[in-house]
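Student: Sequence below, structure please.
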Amino acid sequence: MNTETKLHDIKFFAEQFECSPRKIQLLVAAGEFPAPIRIGRLIRWREEDVAAWVQSRAEAAAAQAAGTQYRNAVTRSTRRGRPRNSDRGA
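Tutor: The predicted structure is shown next:
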């Protein structure tokens, strides 16, 4: 069992994800990013928690991409606006 847990601050993850610390704060407030651990006045995140979050986001994106291919195939036949000559069957 790994007894050494790596803790990182918000600046570390902001650099890792190439975003601002405020963006991470907003994700935490929305419940879309792992909750931090408070140690006195320090706010830190466990590296394992964030790695699991990244993995779940990657799996969700892959599942959405697989569903998007089918959705695009269905919606392409239902165009909006004036019909084209090729759609009229002429």
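
Student: Report the separation between the most centrally placed residue in the chain and residue 50.
Tutor: A centroid search over the chain (C-alpha atoms, centre = their mean) returns residue 57, at 4.7 Å, as the residue closest to the centre. Going from residue 57 to residue 50 by C-beta to C-beta, to the nearest Å gives 10 Å. Where C-beta positions appear, they are placed from N, C-alpha and C, glycine not excepted.

Student: Dihedrals phi and psi, the residue nearest to the centre of the chain?
Tutor: The phi and psi values for residue 57, taken as degrees, to the nearest 10, are phi -70, psi -40.

Student: and what of residue 63?
Tutor: Per-residue torsions, residue 63: phi -70, psi -40 (degrees, to the nearest 10).

Student: swap in residue 40?
Tutor: According to degrees, to the nearest 10, residue 40 has phi 70, psi -120.

Student: and if you look at residue 46?
Tutor: Dihedral angles (degrees, to the nearest 10) for residue 46: phi -80, psi 130.

Student: I figured it hits residue 12, correct?
Tutor: No. Applying C-beta atoms under 8 Å as the test, residue 46 and residue 12 come out as separate, 11.9 Å apart.
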